[in-house]
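K.L.:
Structure for the following, please:
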Amino acid sequence: MADSITSRVSFTLDSSLESVDKVEQTAEQYAKQAGFDEDTVPHIAMAVREAAVNAVLHGNAYDKHKRIHAAFETTSDSLIIRISDEGPGLDPEGIPDPLAPENILRGSGRGIFLIRAFMDEVNFRQLNPGTEMTLIKHRTPAQPGT
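P.N.:
Coordinates of the predicted model:
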């Protein structure tokens, strides 16, 4: 059955680097369980880490009163990960191109670029407050997983 959910977990965490680590570890576990190969699993984990760092650092600005939310879902077709923050919101169109000559030497700004490179789909949704980023990696062809 297309898009039937085979596994799902979600949690709410503090705006901290420890939370980023937990989100990354969970992404790695879900990617392995979904049957992605040993080259793809670290790419998924890195993309999710970047999304979590953005939520903690840029979204919530390490505010101890704000939380990040992470949800992981495996369907017969895809691995779907949602990361959200409680910050002021993000306009994805306003993110500078990290490959533009004026941005090449900047120390930041590559996270969204990496996320888009490693995932098949990346979607943004404005919350009130905050931003939710949905990262999707398709299982092509559909692979066995729990």
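K.L.:
Dead centre of the protein: give me the residue that sits there.
P.N.:
Compute the mean C-alpha point of the chain, and by Cα atoms, centre = their mean the closest residue is Val48, 3.4 Å away.
K.L.:
Chain neighbours aside, what residue packs nearest to that one?
P.N.:
Excluding its sequence neighbours, the residue lying closest to Val48 (Cβ to Cβ, 6 or more residues apart in numbering) is Ala27, at 3.7 Å. The C-beta positions use only the backbone N, C-alpha and C, and glycine is treated the same way.
K.L.:
returning to what we had before: looks like the residue nearest to the centre of the chain contacts Val23 (just checking).
P.N.:
Yes - counting by Cβ atoms under 8 Å, Val23 is a contact partner of Val48 at 6.0 Å.
K.L.:
Need the overlap of contacts for these two.
P.N.:
Counting by Cβ atoms under 8 Å, 6 or more residues apart in numbering, the common neighbours of Val48 and Val23 are Ile83.
K.L.:
what packs against the longest helix seen in the chain?
P.N.:
Criterion DSSP state H: the longest helix present in the chain is helix 17-33. Applying 3 or more Cβ pairs under 8 Å, 6 or more residues apart in numbering; DSSP states H and E, we find helix 17-33 packed against strand 5-14, helix 40-53, strand 67-75, strand 78-84.
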